[in-house]
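A.B. asks: This is a predicted model, with the sequence first.
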Amino acid sequence: MKKMKITIIILLYSCLMNAQLSFEDRMSIFFKAESEKINKENLSDIYDAIYDMTLEFNSINKTKYVTESLKENKIYNKTLLSGSITEKGLMSFKQNATLELEKDSLQNFIVLKSSLSIYMEEADGVNSVSISIKENKLLDKNKSKVRINKNHIANFGTLRDYTKVNEVEKEQTYKTIEIKNSIGSKTGPLIGSVVYDVKILTDYPSIKLSKTDFGKSFLLNNKKITLINATNNIIIVDGITIDENFDITAINLDKKENVIKSPSTGKYPIYKDIYDIYNKNSNITKEELKKELPLEKLQKMKVNGFYYAIVNDFPFKNNFILFSRVYGISKDIEVKM
């Protein structure tokens, strides 16, 4: 048996990490539209976080990048997508699934561990499976419902199993999956179960755009999106609400329409009030920021809503492709403690 493991670590965008706000406050204020939680006590840290964010908009990565032909890009061309994981694979996921309690010095976690059969090479191994908690049936020793934080850490790997059938060696490849959620309970044991919504990637709808398309709207994965701007390595779009997990990613192109390979990509919400101030004055100082955003306005930022910033490692100077992922195969899988 040979084993190769790839670990994926989910991190918050760095522009908010330098401020002295607690993790919970950062999440609720900047990622859950709870701007009313800004107060006189955390005001200074809020200004630090917002100013760091505006600095990120001006940051330009000048390091050398690697390209590949658009024809060779597996995601854009949907290469090897169909058949990599099937409904049969989901059945193996259910059969192999376990739910465990893990502890560290600060908190407890529930950890979903499983594997599923891969029948072809994956074009997008990290995102080929989407897993989220659909229903929580977990109870503590006092029969009280356990609070589960739905933000998780995901670890994916590949396991190749070699067996002999009639003296002929056969190989079966498995995708190993570990989903780790923190929980409110500090004590064990736990009883009950958690229902997970497990989905398989089946399509990549996409659209090619340029800077001439700023202000235009288009449909992507049946969602109306408006392209607002592209600033250095960040694309700004409108139309995604804060409470939906809409998948959108960018492929960056050079002048020759080759793909600029980006080791990391992602997206995060940004209050429209903050972006509009930056767009009006990209070199704004912290003192100017305080004048533009007094406490009363900060507390009401959620009223005007959010844009979404789509991030790439390198500046968007030419055409780019926005794409989404469609998870056309899904199954609810209940896993007991």
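C.D. replies: Arrived safely, thanks for sending. Numbers count the residues shown, from 1 in each chain.
A.B. asks: quick one: the helices in this protein?
C.D. replies: 23-26, 43-58, 87-96, 272-280, 286-292, 295-299, 301-304 (DSSP state H).
A.B. asks: For the third one, name the packing helices and strands.
C.D. replies: Just to be clear, that refers to helix 87-96. Counting contacts by 3 or more C-beta pairs under 8 Å, 6 or more residues apart in numbering; DSSP states H and E, helix 87-96 is packed against strand 108-118, strand 168-183, strand 191-200, strand 329-336. To be clear about C-beta, it is placed using only N, CA and C from the backbone, and glycine gets the same treatment.
A.B. asks: Centre-most residue in this protein?
C.D. replies: Gly266 (6.2 Å; C-alpha atoms, centre = their mean).
A.B. asks: And the closest residue to Leu295 other than its chain neighbours, how far from Val168?
C.D. replies: Among residues not flanking Leu295 along the chain, Leu43 sits closest, at 6.0 Å (C-beta to C-beta, 6 or more residues apart in numbering). Going from Leu43 to Val168 by C-beta to C-beta, to the nearest Å gives 70 Å.
A.B. asks: Over to Phe246?
C.D. replies: Applying C-beta to C-beta, the value for Phe246 to Val168 is 46 Å.
A.B. asks: quick one: which of the two has more around it?
C.D. replies: Set side by side, Phe246 and Val168 show more neighbours around Phe246, with 15 against 7, by other C-beta atoms under 10 Å.
A.B. asks: wait, doesn't that one sit right on Lys223?
C.D. replies: Yes - using C-beta atoms under 8 Å, Phe246 is in contact with Lys223, at 6.1 Å.
A.B. asks: coming back round to it: need the contact list for the nearest residue to the residue nearest to the centre of the chain once chain neighbours are set aside.
C.D. replies: Nearest non-adjacent residue to Gly266, counting by C-beta to C-beta, 6+ apart: Val311, 5.1 Å away. Residues near Val311 by C-beta atoms under 8 Å, 6 or more residues apart in numbering: Tyr13, Asn233, Ile234, Ser264, Thr265, Gly266, Lys267, Tyr268.
A.B. asks: again, but for Val194
C.D. replies: Leu99, Ile110, Leu112, Ile133, Glu135, Asn136, Lys137, Leu138, Ile148, Glu334, Val335.
A.B. asks: now swap in Gln107 and tell me
C.D. replies: Contacts of Gln107 (C-beta under 8 Å, 6+ apart): Ser182, Ile183, Lys186.
A.B. asks: Show the buried residues in these.
C.D. replies: Neighbour-count burial (16 or more other C-beta atoms under 10 Å) is assigned, among the contacts of Gln107, to Ser182, Ile183.
A.B. asks: which of the contacts of Gln107 lies closest to Val259?
C.D. replies: Ser182 (36.4 Å; C-beta to C-beta).
A.B. asks: Number of residues surrounding the closest residue in space to the closest one that isn't next to it in sequence?
C.D. replies: Taking C-beta to C-beta, 6+ apart, and ignoring the residues beside it in sequence, Ser182 has Asn149 as its nearest neighbour in space, at 4.5 Å. Asn149 has 15 neighbouring residues, counting by other C-beta under 10 Å.
A.B. asks: My read is that Asn149 contacts Ile179, right?
C.D. replies: No - with contact defined as C-beta under 8 Å, Asn149 does not reach Ile179; the gap is 11.9 Å.
A.B. asks: Which neighbours do those two have in common?
C.D. replies: In contact with both Asn149 and Ile179: no residue, using C-beta under 8 Å, 6+ apart.
A.B. asks: picking that back up, burial-wise, tell me which of the helices and strands packed on helix 87-96 comes out on top.
C.D. replies: The highest mean neighbour count among the helices and strands packed on helix 87-96, using mean count of other C-beta atoms under 10 Å, belongs to strand 108-118: a mean of 20.
A.B. asks: now the strands: where do they sit in the stretch 201-337 of the chain?
C.D. replies: 206-209, 217-220, 223-231, 234-238, 249-253, 259-260, 266-271, 306-311, 320-323, 329-336 (DSSP state E, counting those that start in this stretch).
A.B. asks: The closest residue to Lys267 other than its chain neighbours pairs with what?
C.D. replies: Counting by C-beta to C-beta, 6+ apart, Lys267 lies nearest to Ile310, which is 4.9 Å off, once chain neighbours are set aside. Bridge pairing for Ile310 (DSSP bridges) gives the partners Ile235, Lys267.
A.B. asks: Ile310 contacts Asp247, correct?
C.D. replies: No - here Ile310 does not reach Asp247: they are 11.0 Å apart, not a contact under C-beta under 8 Å.
A.B. asks: In terms of neighbours, single out the busier of these two.
C.D. replies: Higher neighbour count among Ile310 and Asp247: Ile310, with 22 against 18, using other C-beta under 10 Å.
A.B. asks: List the contacts of the more buried one.
C.D. replies: Taking C-beta under 8 Å, 6+ apart, we find Ile310 in contact with Ile234, Ile235, Ile236, Val237, Ile248, Thr249, Ala250, Thr265, Gly266, Lys267, Leu322.
A.B. asks: From Ser114, how far out is Tyr196?
C.D. replies: With the distance defined as C-beta to C-beta, Tyr196 ends up 9 Å from Ser114.
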